[in-house]
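> Following is a predicted model, sequence given first.
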Amino acid sequence: MAIGCALGVILSRNPVKSVLFLIATFFAISGHYVLMNAQFLAVVNIIVYAGAIMVLFLFVIMLMNLNADAEPQKSRLVQFAAVLSGGALFLVIIAALKTASAGTGSGTSIDSSGDIGLIHNLGKVLFKEYVLPFEVSSILFLSAMIGAMVIGKKETVPAASTETK
Amino acid sequence: MGVLMRRNAIIVFMCIELMLNAVNLLMVAFSKMFGTSDPQIFVFFIMVVAAAEVAVGLAIIVMMYRKVHSVDINILNRLKH
């Protein structure tokens, strides 16, 4: 289902429909996280992606007002190359997964203690061993936010300053 | 595949998001398989980087749309001149 929705993202003509397919894909992936005992990541995935990023995408699409335009297609050769490279990557992944499943079938013990992904243990690991990357990522977030504001405002600020002059 | 096939810049961004999510799913599968919680931390940081990247990228797209009134990525060829 996730793969079908992802194909819908790529193949649908309308950008708004594409965004809706993307939301469905994220919910399907969150379902996979829950199935793999990663409840914290499932919740974070829904909040961050389906909540914030998709609203951002929809906002930009509505802002640009391009929800029904016919996008000019690329040439046949480029399309064929894209499909070919995607299919080749898919084949490589399938081949790798075949050997991997054969390896696990022969007796690798899968640790199925279900408390890895709970927020209690994950928080302990995050704030004991990964404190420095956590702080660095917060600084990255701040700089990205400021950068987005600067890029977005660049058009309006000189116009306003010239108007005031 | 979507990055190569489409010309709408927003859809290219969504396909990049899809690729990052594929990596996240693989990491969670590894964490389930090996019984450690380190990959889930990595997934968390990948989400952080993806969110920052989307913010900056959408700002760039908005600026480009204001300049040339299009989101066609072939127009970026003009940056060469």
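Nice, I can see it.
> Now do the helices in chain A.
A:2-11, A:15-35, A:39-45, A:54-64, A:76-105, A:119-128, A:131-153, A:156-164 (DSSP state H).
> do chain B as well
B:2-5, B:9-34, B:38-68.
> got a markdown table for these, with mean neighbour count too?
Quick note: C-beta positions are derived from backbone N, CA and C, even for glycine. Listed next are the helices of chain B as a markdown table, based on neighbours: other CB atoms under 10 Å in any protein chain shown:
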| stretch | mean neighbour count |
| --- | --- |
| helix B:2-5 | 19 |
| helix B:9-34 | 19 |
| helix B:38-68 | 19 |
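> Worst mean pLDDT among those helices?
Ranked by mean pLDDT, the helices of chain B bottom out at helix B:2-5, which scores a mean of 54.
> Same list, the helices of chain B, but as TSV with distance to chain A please.
As requested, those are exported to TSV (distance: least, CB to the nearest CB, whole Å):
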stretch	distance to chain A
helix B:2-5	3
helix B:9-34	5
helix B:38-68	4
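> Mind putting those helices into TSV with distance to residue A:36?
Output for these, formatted as TSV (distance: least, CB to CB, whole Å):
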stretch	distance to residue A:36
helix B:2-5	25
helix B:9-34	5
helix B:38-68	10
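> And the residue nearest the centre of chain B?
Residue closest to the mean C-alpha point of chain B, counted by CA atoms, centre = their mean, is residue B:16 at 3.2 Å.
> ok, now how distant is the residue sitting furthest away from the middle of chain B from residue A:93?
Most distant residue from the mean C-alpha position of chain B: residue B:35, 28.5 Å away (CA atoms, centre = their mean). Per CB to CB, to the nearest Å, residue B:35 is found 23 Å from residue A:93.
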